[in-house]
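> Sequence and predicted structure below; questions after.
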Amino acid sequence: MIGYSFILILLGVLVIAGWKTSRAGYQSAPYRVVRAAGPFEVRDYPPLTVVETAMPGRESGMNGSFNRLFRFITGANESKEKISMTTPVFMTGNASNATMAFVMPAKFTAERVPKPLDSSVEVRQLPAGRFAVMRFSGGRNPINEKQALDQLKQWIASERMAELSPPVYAYFDPPWTPTFLRRNEVMLRTASGE
């Protein structure tokens, strides 16, 4: 019985260590926290260079979208350059008009990113701005996203902030990360004076 308990503890430690090192191994989009309150933050983001693709049917199109972007960073671009994976993966839009985007590493400007070979992949720069953000865990699904968005909107209203954009969902972890350990975020652009 002691041996069985030891093995379970060891497996738990290995899972947590693997999860922490997998997320920690990626460069993340930079931001500055202006204010924090529990799971909520107000952040300032600089301009971010991303590669983006359509995600038709939001749920059904996710894997094809991810694969297009992944092919781009692994060399399906004019210079055949391999580009490091970063976090988070951004998703925006609704079931009929959604996109997925990978943030480019900090050394890349929009002009420096190699041209995609796939015409459905586009390089663009997201403008700098202030965002209200809520962190949540769990799997990526419409129920979790709606609950997190509703909570963020309630917090924004209680703080008398303005919503200036549709929601952006940010996902930080690889698919093998246990859902209860995942870092997910919902973001809404707000006015910079708030």
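Looks like it came in fine. Numbering: from 1, shown residues only.
> quick one: the helices in this structure?
2-24, 62-73, 142-158 (DSSP state H).
> hey, least reliable of those by pLDDT?
The minimum mean pLDDT among the helices of the chain belongs to helix 2-24 (a mean of 58).
> Test for you: state the pLDDT assigned to Gly193.
67.
> I meant Val89, not that one.
95.
> any idea how far the residue nearest to it when sequence neighbours are not counted lies from Thr177?
Spatially, and ignoring its direct neighbours in sequence, Val89 is nearest to Tyr171 (4.9 Å; Cβ to Cβ, 6 or more residues apart in numbering). For every residue, glycine as well, the C-beta is placed using N, CA and C. With distances taken as Cβ to Cβ, to the nearest Å, Tyr171 is found 10 Å from Thr177.
> Could you do Phe102 as well?
Taking Cβ to Cβ, one finds Phe102 at 18 Å from Thr177.
> Among these two, which residue is more densely surrounded?
Shown here are Phe102 and Thr177; by other Cβ atoms under 10 Å, Phe102 has more neighbours (23 against 19).
> give me every residue that touches that one.
Val50, Val51, Glu52, Leu69, Phe72, Ile73, Met85, Thr86, Val89, Phe90 (Cβ atoms under 8 Å, 6 or more residues apart in numbering).
> just those residues now: which is nearest Val186?
Ranked by distance to Val186 (Cβ to Cβ), the contacts of Phe102 are led by Phe90 at 11.0 Å.
> My read is that Pro105 contacts Met85, right?
No - Pro105 is not in contact with Met85 according to Cβ atoms under 8 Å; the separation is 9.0 Å.
> So what sits opposite the closest residue to Leu69 other than its chain neighbours in the bridge?
Among residues not flanking Leu69 along the chain, Phe102 sits closest, at 4.8 Å (Cβ to Cβ, 6+ apart). Note on Phe102: beta-bridge partners Val51, Val89, judged by DSSP bridges.
> Phe102 and Thr190, how far apart?
24 Å.
> Quick check: Pro30 touching Arg43?
No - in this structure, Pro30 is not within contact of Arg43 by Cβ under 8 Å, at 9.9 Å.
> between those two, who's got more neighbours?
Between Pro30 and Arg43, counted using other Cβ under 10 Å, the more crowded position is Arg43 (20 against 12).
> Quick one: neighbours of the closest residue to the more buried one other than its chain neighbours, just the number.
Closest residue to Arg43 apart from its sequence neighbours, by Cβ to Cβ, 6+ apart: Tyr31 at 4.4 Å. Residues near Tyr31, counting by other Cβ under 10 Å, number 16.
> And Tyr31, what's its pLDDT?
96.
> can you pull the contacts of it?
Arg43, Asp44, Tyr45, Pro46, Phe131.
> Quick check: the farthest pair among those residues?
Most distant of the contacts of Tyr31, by Cβ to Cβ, are Pro46 and Phe131, 11.9 Å apart.
> between those two, who's got more neighbours?
Phe131 (21 against 13).
> Tell me how far that one lies from Thr190.
Taking Cβ to Cβ, one finds Phe131 at 7 Å from Thr190.
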